[in-house]
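Novice: Fold the following.
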Amino acid sequence: MMITDVHCHFVPDEFFRFASTKEEFGIRVKRREDEAVDLDIRGMHFGLNTTFFEMSKQLERMKRDGVERSILSLATPFIDYHLDPKLAVEAARVFNDALASAIASDKARFGGWAMLPMQDPAAAAQELRRCVRDHGFVGGHVASNVRGIYLHDAQFEPIFQAAVDLNVPLFIHPADPLGKDRTKDYELTIVAGYLFDNTINILRMICSGFLDRWPNLKLLCAHAGAFSPILRARMQREVDTNPQLKSTLKAPVGDYLRRLYFDTICFEPAILRYVTDVVQVEHLMLGSDAPFPLGEPDPVNFVRNALPADHVDLILNRNFDRLIGA
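Specialist: Residues are numbered from 1 along each chain as shown. Presented below is the predicted three-dimensional model:
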């Protein structure tokens, strides 16, 4: 049993150097000063820090936060599903091999979510298989949408089939959210836009019958499912009053939400307690979104202070190992 953070980000130096030399990534370093690393990526500003890039500082963060194991994924700003598929496949291999090398000497404390070039689903499925079998990664990192197309679309089926065949989870993280033209001020794209995109994806997976088609697929959704738990009753009301939806869904909306897995990043203890009413506590995993400034600053104690001790034990020590079959 180890306190495991399923949602934290890392940028290997090999990948950063690779991406920085490719004009298509649109990376411009604006400032490197002390701990700060300010970047413009495809015209958007991102205030990062050196912990994203240094494993020694990842370990310092974990020690400070009381985290014993971190499952690392690439930081969202560097994931671009608009890249040409050939370059995306190359970028995924560079990142995944660099991450595997970075954690190879300390696999007790680190795991990896494979970056998948989802604009080429067949190649993404192949990369997932390679990373699980060759690198021992726990599963794959997928987007809430790819070029505006959400995960229920049939084109992504090779990825889901690979995950089912391998019996590994997929970590769904928002990317490139809709409405960025209206949310660019006050960091509202980060505060609200990403969560809204996560919510739209989850509700689409429910209403399209996707979750009925993939009953054995294990999906871990970031940010405590965003707004989807809060919208459970509202979405159910739509189903109840919409004959087409009512005939499509085989179960109540809440039953579909209970099939999904969520991390704990929501900042409000009352919301986390509410999520445990919507989703069985066995489906909740500790997450921090570190080292983003908008991550949970004290993830372990956030869970401990929000929930009863038996729930805390499951979330911190047991649920992730059950998810991956450890």
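
Novice: Give me the pLDDT for the closest residue to D289 other than its chain neighbours.
Specialist: Nearest non-adjacent residue to D289, counting by Cβ to Cβ, 6 or more residues apart in numbering: G295, 3.6 Å away. For the C-beta atoms, the positions are set from N, CA and C on the backbone; glycine is no exception. For G295, the pLDDT comes out at 92.

Novice: in a helix, that's where G295 is, yeah?
Specialist: No. The assignment for G295 (DSSP: H, G, I helix; E, B strand; the rest coil) gives coil, which keeps it out of a helix.

Novice: That one against F267, yeah?
Specialist: No. With contact defined as Cβ atoms under 8 Å, G295 does not count as touching F267 (9.8 Å).

Novice: So those two - more neighbours on which side?
Specialist: G295 (19 against 14; other Cβ atoms under 10 Å).

Novice: Let me know how buried Q280 is, in neighbour terms.
Specialist: 12.

Novice: ok, now D38?
Specialist: Neighbours of D38 (other Cβ under 10 Å): 15.

Novice: distance of S228 from S144?
Specialist: Going from S228 to S144 by Cβ to Cβ, to the nearest Å gives 11 Å.

Novice: Name the residues contacting each of those two.
Specialist: Common neighbours of S228 and S144, counting by Cβ atoms under 8 Å, 6 or more residues apart in numbering, are N198.

Novice: what's the single longest helix in the protein?
Specialist: helix 85-103 (DSSP state H).

Novice: Show me where the stretch 101-250 of the chain has its helices.
Specialist: In the stretch 101-250 of the chain, the helices defined using DSSP state H, counting those that start in this stretch lie at 121-130, 157-166, 188, 194-207, 210-213, 232-241, 243-248.

Novice: Nearest approach to Y150 belongs to which of those?
Specialist: Closest approach to Y150 among the helices of the stretch 101-250 of the chain is made by helix 194-207 (4.7 Å; Cβ to Cβ).

Novice: list the contacts for F25?
Specialist: By Cβ under 8 Å, 6+ apart, F25 lies in contact with A19, I41, R42, F78, D80, L83.

Novice: hmm, I was thinking of W113
Specialist: Applying Cβ under 8 Å, 6+ apart, the residues contacting W113 are I71, L72, S73, F137, V138, G139, G140, H141, F171.

Novice: Give me the pLDDT for it.
Specialist: For W113, pLDDT reads 98.

Novice: ok, so what distance separates it from A154?
Specialist: 24 Å.

Novice: And V239, by the same measure?
Specialist: In terms of Cβ to Cβ, V239 sits 22 Å off from A154.

Novice: Pick out whichever of these two has more residues nearby.
Specialist: V239 (18 against 8).

Novice: ok, for that one, nearest residue in space, not its chain neighbours?
Specialist: L245 (4.7 Å).

Novice: and if you look at E238?
Specialist: Counting by Cβ to Cβ, 6+ apart, the residue nearest E238 is L245, at 6.6 Å.

Novice: Let me see the contact set for the one you found.
Specialist: So L245 contacts C207, E238, V239 (Cβ under 8 Å, 6+ apart).

Novice: neighbours of the first one, just the number please.
Specialist: A count of neighbours around C207, defined by other Cβ under 10 Å, yields 20.

Novice: That one and L231: what is the separation?
Specialist: Taking Cβ to Cβ, one finds C207 at 12 Å from L231.

Novice: now do the last one
Specialist: Applying Cβ to Cβ, one obtains 12 Å for the distance of V239 from L231.

Novice: Which elements pack onto the helix or strand where F262 lies?
Specialist: Assigned by DSSP states H and E, F262 belongs to strand 261-263. Here strand 261-263 touches strand 219-221, strand 284-285, going by 3 or more Cβ pairs under 8 Å, 6 or more residues apart in numbering; DSSP states H and E.

Novice: can you put these in a markdown table and add mean neighbour count and mean pLDDT?
Specialist: Formatted as a markdown table, the helices and strands packed on strand 261-263 follow (neighbours: other Cβ atoms under 10 Å; pLDDT from 0 to 100):
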| stretch | mean neighbour count | mean pLDDT |
| --- | --- | --- |
| strand 219-221 | 25 | 98 |
| strand 284-285 | 24 | 98 |
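
Novice: Could I get these in TSV, plus columns for distance to G325?
Specialist: Output for these, formatted as TSV (distance: least, Cβ to Cβ, whole Å):
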stretch	distance to G325
strand 219-221	14
strand 284-285	14
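
Novice: Could you check the ones you listed and tell me which one is nearest A163?
Specialist: strand 219-221 (8.8 Å).

Novice: what comes into contact with that closest one?
Specialist: 6, 139, 169-172, 198, 202, 205, 228, 260-263, 285, 323.

Novice: try 10 Å
Specialist: 6-7, 71, 113, 138-139, 141-142, 144, 151, 160, 163, 169-174, 198-199, 201-202, 205, 210-211, 228, 257, 259-263, 279, 283-285, 287, 320, 323 (Cβ atoms under 10 Å, 6 or more residues apart in numbering).

Novice: Before I go, just wanted to say thanks for your time.
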